[in-house]
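1. Next come a sequence and a model predicted from it.
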Amino acid sequence: MGEVIWTTLRLAGLTTALLLVLATPLAWWLARRRAWWKEIVAAVTTLPIILPPSVLGFYLLIAIAPQSPLMTPLHAFGIRTLAFTFQGLVIGSMVYSLPFAVQPIRGAFEAMGPRPMEVAATLRASPIDAFFTVALPLARRGFLTAAILVFAHTIGEFGVVLMIGGAIPGKTEVISVRIYQLVESLQYGEAHRLAAGVVAFSFAALLALLLIGRRTDEAVR
Amino acid sequence: MSGATDGAAVEGRFAGRFGRRVGGFAIDAAFALAPTGITALSGPSGSGKTTLLRCIAGLTRVPGGLRVGGEVWQDGRRFVPPHRRPVGVVFQEPSLLSHLSVRGNLDYGAKRAGQTRVGSKAEIGFDDTVDLLGLAPLLGRGVANLSGGERQRVALGRALLSQPRLLLMDEPLSSLDAGAKAEILPYLERLHRSLAIPALYISHDAGEIARLADHVLYMRDGRIVPGEAGPTLEGVDAAARDRLALAALRAGLAP
């Protein structure tokens, strides 16, 4: 059981870290561009919220299968497929949770408005300098919200990990899948312990989010 | 406190349109600022004062030319980005960086100006600025609990410490109530006496202009129109002419 929990936490932690890095430039671009067609990009990045996990899992499986055009360039490096691997699971989780990272960060950048970056420019900060010393710190609550959402959402995913992970113990078997298997084999006691843990964790995550939201409201003049 | 350069005069002209449809806004403004002293930029709302200020700071890009103290900031080929222009800007709202303390705000521009300044003579010192604007009791505080007047004083100090060769102020008092205005005006007058760089001060308050400005530019429909500072009052409507005359009288100029 410890192994399953460790795999799950490792997956959620890695997904959160990588996704925050990946989502930040995307969220910045979406927040700053004025062109209407940027919303096409926004819609694509939001799709995982409403797509059935089986649909997402199906296409992800095809994308990381050996004959996929995305994988063939990697054959030279000895990587034939990412299906049923932990790395594949990380990639799948990142796609699955992408909207939960992009939305809060984009919202935080938009709430900030253009003024702080203009102030920074008039104080001699180059755009990159201003991004790191003004935009990132001002959007910190958006990042915190994104991190909690992505972490919790990754813990909660089931369909995608089942389809592309294959529940290999020690490698790709996560808590949600283990609970399913325990229930299938009528081991309710074991299932209870894991399930209750997930409920407690999810409650704590949501409570943290609401408390962050409260602090944001109070900070508004 | 002494300024950065001697004989820094500012000359510029911007001509361009915003918005393609009806209701778009056009600017066609040519102006010059004296090497020292405060030049007030007055005119009705929507006449393009803020746009002109943003063009000078490089925050808005409009075709034109701008030369500050013999240095080209913009012409047909070059456009110096805002962070490479030694310009201090005080916005209409204080716009302090809310994640930094008062000292952090003051240091933000000062640090960066120190890194990029090349062979400049005198510097606008931290202690001088803190003294001039009465910022000492505020230094360790966060910016969230400052009053409106305190915020604008910090914004002004922050702009000065970025070692500007040109100071731009966009109605810095308009967001303040009467009490806060009365509190900050003496600081601005002290600044006026010690400032050795040209400054542009947007306002349509005749009282403020009379107390602070050495020259007045008047703007209407995106153009600088001859006014108090220009050769004639032609093209200025009666009410505006009266305001300018009043400002001139209060400033102690002969009619």
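-> Received it, and whenever you're ready, just let me know what you need.
2. Identify each buried residue in stretch A:91-111, please.
-> Buried residues in stretch A:91-111, counted by 16 or more other Cβ atoms under 10 Å in any protein chain shown: A:91-109. (C-beta placed from N, C-alpha, C; glycine too.)
3. same question, stretch A:203-216
-> So for stretch A:203-216, counting by 16+ other Cβ under 10 Å, buried means A:205, A:209, A:212.
4. Quick check: of those, which lies closest to residue A:54?
-> When the buried residues of stretch A:203-216 are compared for distance to residue A:54 (Cβ to Cβ), residue A:205 wins out at 24.9 Å.
5. Not counting its neighbours along the chain, what's nearest the closest one?
-> residue A:152 (4.1 Å; Cβ to Cβ, 6 or more residues apart in numbering or on different chains).
6. Around chain A, pick out the residues from chain B.
-> B:57-59, B:81-89, B:91, B:93, B:95, B:97-99, B:108-109, B:112-113, B:115-116, B:144, B:158-159, B:162 (Cβ under 8 Å from any Cβ of the partner chain).
7. Those residues in strands, which ones?
-> B:87, B:88, B:89 (DSSP state E).
8. Tell me how many other residues surround the first one.
-> What it means is residue B:87. Residue B:87 is flanked by 29 other residues according to other Cβ atoms under 10 Å in any protein chain shown.
9. Could you tell me which residues make contact with it?
-> A:122, B:56, B:57, B:58, B:68, B:164, B:165, B:166, B:167, B:168 (Cβ atoms under 8 Å, 6 or more residues apart in numbering or on different chains).
10. count of neighbours near the last one?
-> Residues near residue B:168, counting by other Cβ under 10 Å, number 25.
11. in terms of contact, does residue A:58 touch residue A:160 like I think?
-> No. Taking contacts as Cβ atoms under 8 Å, residue A:58 lies outside contact range of residue A:160: 9.6 Å.
12. For residue A:41, state which of the buried residues of stretch A:203-216 is nearest.
-> Distances from residue A:41 to the buried residues of stretch A:203-216, taken by Cβ to Cβ, are shortest for residue A:209, at 25.6 Å.
13. looking at this, that closest one is in a helix?
-> Yes. The assignment for residue A:209 by DSSP: H, G, I helix; E, B strand; the rest coil puts it in a helix.
14. quick one: it from chain B, how far?
-> 21 Å (Cβ to the nearest Cβ, to the nearest Å).
15. could you list every residue that touches the nearest residue to that residue once chain neighbours are set aside?
-> Spatially, and ignoring its direct neighbours in sequence, residue A:209 is nearest to residue A:148 (5.6 Å; Cβ to Cβ, 6+ apart). Contact analysis of residue A:148 by Cβ under 8 Å, 6+ apart lists A:205, A:208, A:209, A:212.
16. go again using 6 Å as the cut-off
-> The neighbours of residue A:148, taking Cβ atoms under 6 Å, 6 or more residues apart in numbering or on different chains as the test, are A:205, A:208, A:209.
17. got those as CSV, with pLDDT columns?
-> As requested, the contacts of residue A:148 are exported to CSV (pLDDT from 0 to 100):
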residue, pLDDT
A:205, 92
A:208, 91
A:209, 89
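18. Any chance of these in JSON lines with distance to residue B:150 as columns?
-> Shown next, in JSON lines, are those (distance: Cβ to Cβ, whole Å):
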{"residue": "A:205", "distance to residue B:150": "39"}
{"residue": "A:208", "distance to residue B:150": "34"}
{"residue": "A:209", "distance to residue B:150": "34"}
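19. picking that back up, look at residue A:58 and residue A:160 and report which has more neighbours.
-> Taking neighbours as other Cβ under 10 Å, residue A:58 and residue A:160 compare with residue A:160 leading, 26 against 16.
20. Now that we're looking at the more buried one, what pLDDT does it have?
-> On the pLDDT scale, residue A:160 is placed at 93.
21. Hmm, residue A:53 and it touching each other?
-> Yes. Proximity of residue A:160 to residue A:53 meets the contact threshold set by Cβ atoms under 6 Å, at 4.8 Å.
22. Who are the contact partners of the residue in chain A positioned nearest to chain B?
-> Using Cβ to the nearest Cβ, residue A:123 is the residue of chain A that sits closest to chain B, at 3.3 Å. Under the criterion of Cβ under 6 Å, 6+ apart, the neighbours of residue A:123 are B:108, B:109, B:162.
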